[in-house]
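**Student:** sequence unavailable; structure follows:
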């Protein structure tokens, strides 16, 4: 037993010494592997940190501009709206006035221009004084009226007195008839002079009281605007010589030409949408009022008149118009043609990006794809993606500038 214990102790000692006596090369290899593993771990972490240090890229298809940039490029936005497009009769024509809405003003009596009260473009009311004329004949006419009117008072009394005597058989019939004839002729003269003076704008009641006016007013028979003045101070103006022209532009209407093939499609009461050169981005409305019954030979077309609302007087006679007589009720969301950006076969519009509040004095615009429909009167029907609100504000001017800014930003990022 004692020998067995000694042998066991020797074996254990030998095993412990053998484990501690490994070659230096093996130890060095293990240490190297440990360092490499550590460095690899640190290297991966450093790479992650480096990736995380990059700035986050801007959202694709979004352009941000400052208020100053927006003003510089003249960018305009407008809430998306529906319009009647297509299924219409194309027409052209002019803005016109009916004869009763225009006035050429001339005097009823000749005279010299003493004063002019208006200038071209002035708004005037019916009966307003435009100028005054003076002439000796005007004074003579009032004097004659006063004399005849005073004479009429005496003749009336004489006629009534002789009629009473004649009825009583005291006066002869001849005297009564002469008094009656004189009274009636003078009454006619007085009434004629009174009408002439009133036509000239002179207050006959004051003339009867002894007042004499040295000049007569020239007034306008309609309300409207003074278009032209053909006289100057001191000019002698003969009877029926044109002095002023006045037009009531609030009564302006469309005079359209409809070609023969489209005549059966036009009905009174149909709606019309049209544009004028002075307001190309604004679609104006009218309604068919009457349809002509006589063809023009060159070109062979029929005139159609339509009523419009021109209370502000912005529309003027003679303006050229392009319009559409609406047959159906087809409508859709539409934008001006310049709001559409084409890239190959795909069309885009820019809308105000309201998903995220921009920085102060800045605005974000998002480019969205749309499908195109009917083109009409400078507008294009568009169909929006399902995730875009129909209340979106669309860029209607400056879309190409936004597109250029977006492309520029992408190129700068690539470099």
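**Tutor:** Looks like it came in fine. If you're wondering where the values come from, they're calculated on a predicted model, not measured in any experiment. Numbering: from 1, shown residues only.
**Student:** Provide a list of residue ranges in the stretch 201-350 of the chain with pLDDT below threshold.
**Tutor:** In the predicted model of the stretch 201-350 of the chain, residues 313, 328-330 satisfy pLDDT under 70.
**Student:** which stretches of it form helices?
**Tutor:** Under the criterion DSSP state H, counting those that start in this stretch, helices of the stretch 201-350 of the chain are mapped to 204-208.
**Student:** now the longest strand anywhere in the chain: buried residues?
**Tutor:** Assignment by DSSP state E gives strand 279-297 as the longest strand of the chain. For strand 279-297, the neighbour count (16 or more other C-beta atoms under 10 Å) marks 283-284, 286, 288, 291-292 as buried. Every C-beta, even on glycine, is put in place using the N, C-alpha and C of the backbone.
**Student:** which of those residues lies closest to residue 97?
**Tutor:** When these are compared for distance to residue 97 (C-beta to C-beta), residue 286 wins out at 14.5 Å.
**Student:** ok, the closest one touching residue 252?
**Tutor:** No. Look at residue 286 against residue 252 with C-beta atoms under 8 Å: they stay out of range, at 10.1 Å.
**Student:** for the buried residues of strand 279-297, give me JSON lines that also has distance to residue 141.
**Tutor:** Shown next, in JSON lines, are the buried residues of strand 279-297 (distance: C-beta to C-beta, whole Å):
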{"residue": "283", "distance to residue 141": "56"}
{"residue": "284", "distance to residue 141": "50"}
{"residue": "286", "distance to residue 141": "48"}
{"residue": "288", "distance to residue 141": "50"}
{"residue": "291", "distance to residue 141": "49"}
{"residue": "292", "distance to residue 141": "46"}
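**Student:** nearest to residue 166, of these?
**Tutor:** For the buried residues of strand 279-297, the minimum distance to residue 166 (C-beta to C-beta) is 65.4 Å, reached by residue 292.
**Student:** hmm, back to that, residues contacting the longest strand of the chain, please?
**Tutor:** Residues outside strand 279-297 that contact it (C-beta atoms under 8 Å, 6 or more residues apart in numbering): 83, 253-254, 257-258, 260, 263, 266-276, 301-309, 314-315, 323, 325, 336, 377-379, 396.
**Student:** what's the answer for stretch 388-407, then?
**Tutor:** Defining contact as C-beta under 8 Å, 6+ apart, one finds that stretch 388-407 is touched by 61, 63, 65, 70, 73-80, 281, 333, 335-336, 338-341, 348-352, 354, 365, 367-368, 384.
**Student:** in strands only, show me the residues you listed.
**Tutor:** Secondary structure defined by DSSP E assigns 63, 65, 76-79, 281, 333, 335-336, 341, 348-352, 365, 367-368 of the contacts of stretch 388-407 to strands.
**Student:** now the buried members of these.
**Tutor:** Buried members of the ones in strands among the contacts of stretch 388-407, scored by 16+ other C-beta under 10 Å, are 63, 65, 76-77, 333, 335-336, 341, 348-352, 365, 367-368.
**Student:** re the thing from before, now do the shared contacts for residue 286 and residue 252.
**Tutor:** Shared contacts of residue 286 and residue 252 (C-beta under 8 Å, 6+ apart): residue 308.
**Student:** so residue 110 sits against residue 237, correct?
**Tutor:** Yes. Between residue 110 and residue 237 a contact is recorded at 6.5 Å, counting by C-beta under 8 Å.
**Student:** quick one: which of the two has more around it?
**Tutor:** The neighbour count for residue 110 versus residue 237, taken as other C-beta atoms under 10 Å, is higher for residue 237 (21 against 15).
**Student:** check contacts around the more buried one.
**Tutor:** Taking C-beta under 8 Å, 6+ apart, we find residue 237 in contact with 106-107, 110-113, 133, 231, 243.
**Student:** and it, how far from residue 109?
**Tutor:** Using C-beta to C-beta, to the nearest Å, we find residue 237 at a distance of 9 Å from residue 109.
**Student:** off-centre distance for stretch 104-123?
**Tutor:** Mean C-alpha position of stretch 104-123 versus that of the full chain (C-alpha atoms, centre = their mean, to the nearest Å) differs by 33 Å.
**Student:** begin at 513 from here
**Tutor:** Yep, numbering from 513; the last one is stretch 616-635 now.
**Student:** first-to-last residue distance for it?
**Tutor:** In stretch 616-635, first residue to last residue: 16 Å (C-alpha to C-alpha, to the nearest Å).
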